[in-house]
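Student: Sequence isn't available, so here's the structure alone:
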Ligand code: MG
């Protein structure tokens with residue numbers, strides 16, 4: 001990997017930012033804070049099988065970050081050549097959520113607690129920015145990441161008109177944190193999430209936590225990519241230091 005200093009210098013020149021101030025962390029949930037993507041893909045595959053929609057399990061790793069309705073519409077267009085109705089989206093997403101809850105419980109992603117505790121300790125504002133609306137994970141956040149996300153500091157599928165890869169979720173995250181794009185660092189594991197964050201102007205850290213290769217995260221706009229959340233947590237103090245002393 002290139003030196004952080006080189007990466008950061010190239011980055012601020014490309015973005016025409018004066019400097020980077022790491023005041024806020026905007027953090028994705030599925031595949032970043034929770035090792036949940038396998039279960040999501042499994043649940044999607046099962047409802048599509050029930051509906052006679054032909055899909056592969058792995059394709060859902062590429063759609064990660066989209067809202068449930070967007071995902072259903074995409075598959076409906078491909079398999080049935082038409083848009084999904086809002087009733088279909090609602091019914092299928094409800095069923096997908098039920099199946100997700102029946103699957104073995106997901107664990108927090110290794111390294112994620114160390115990273116978010118560090119962000120808290122150094123005083124960065126933290127905002128959750130997720131395409132999910134599933135309470136089974138949203139309701140666990142405080143237990144698994146105590147004190148990391150203060151009340152109201154979350155953007156979910158219920159708060160946006162356009163899901164990732166549209167920049168709206170991350171723009172709203174910046175608004176909640178009260179920061180400008182050059183003051184925000186986003187943490188993401190999925191190409192569409194990276195695209196959303198990078199388009200919103202955040203310094204976007206990509207983390208490989210599943211079958212999606214690092215080249216896809218780089219192509220989507222990640223400024224730096226780590227091979228695990230543990231590696232990200234370990235390197236984060238250095239990244240902050242280089243930002244502050246650039
Ligand atoms: Mg994710």
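Tutor: Received, thanks. The structure presented is a predicted model; accordingly, all values stated were derived computationally and were not measured.

Student: OK, contacts around residue 137?
Tutor: Under the criterion of CB atoms under 8 Å, 6 or more residues apart in numbering, the contact partners of residue 137 comprise 29-30, 34, 36, 106. C-beta: built from backbone N, CA, C; applies to glycine.

Student: Quick check: ChimeraX command selecting the buried ones in these.
Tutor: Buried members of the contacts of residue 137 can be picked out in ChimeraX with the line below, counting by 16 or more other CB atoms under 10 Å:
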select :29,30,34,36,106
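
Student: May I ask you to confirm that residue 193 is in contact with residue 166?
Tutor: No - under the criterion of CB atoms under 8 Å, residue 193 lies out of contact with residue 166, with a separation of 11.0 Å.

Student: Would you convert the contacts of residue 137 into CSV that also reports pLDDT, secondary structure and distance to residue 144?
Tutor: Formatted as CSV, the contacts of residue 137 follow (pLDDT from 0 to 100; DSSP: H, G, I helix; E, B strand; the rest coil; distance: CB to CB, whole Å):
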residue, pLDDT, secondary structure, distance to residue 144
29, 96, coil, 11
30, 94, strand, 13
34, 97, strand, 8
36, 93, coil, 12
106, 94, coil, 10
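
Student: possible to save the contacts of residue 137 as JSON lines with distance to the ion?
Tutor: As requested, the contacts of residue 137 are arranged in JSON lines below (distance: CB to the ion, whole Å):
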{"residue": "29", "distance to the ion": "6"}
{"residue": "30", "distance to the ion": "4"}
{"residue": "34", "distance to the ion": "9"}
{"residue": "36", "distance to the ion": "8"}
{"residue": "106", "distance to the ion": "12"}
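
Student: got a list of what the closest residue to the ion within the chain touches?
Tutor: For the chain, the nearest residue to the ion under the criterion CB to the ion is residue 31, separated by 3.7 Å. Residues counted as contacts of residue 31 (CB under 8 Å, 6+ apart) are 37, 64, 109, 189-190, 209-210.

Student: Any regions of this structure where pLDDT drops low?
Tutor: Applying pLDDT under 70 to the predicted model, the residue ranges of the chain that meet it are 1-2.

Student: interface residues of it facing the ion?
Tutor: When proximity is defined by CB under 5 Å from the ion, the chain lies next to the ion at 28, 30-32, 189-190.

Student: Spatially central residue in the protein, please.
Tutor: The residue at the geometric middle of the chain, judged as the C-alpha nearest the mean C-alpha position with CA atoms, centre = their mean, is residue 28 (3.1 Å).
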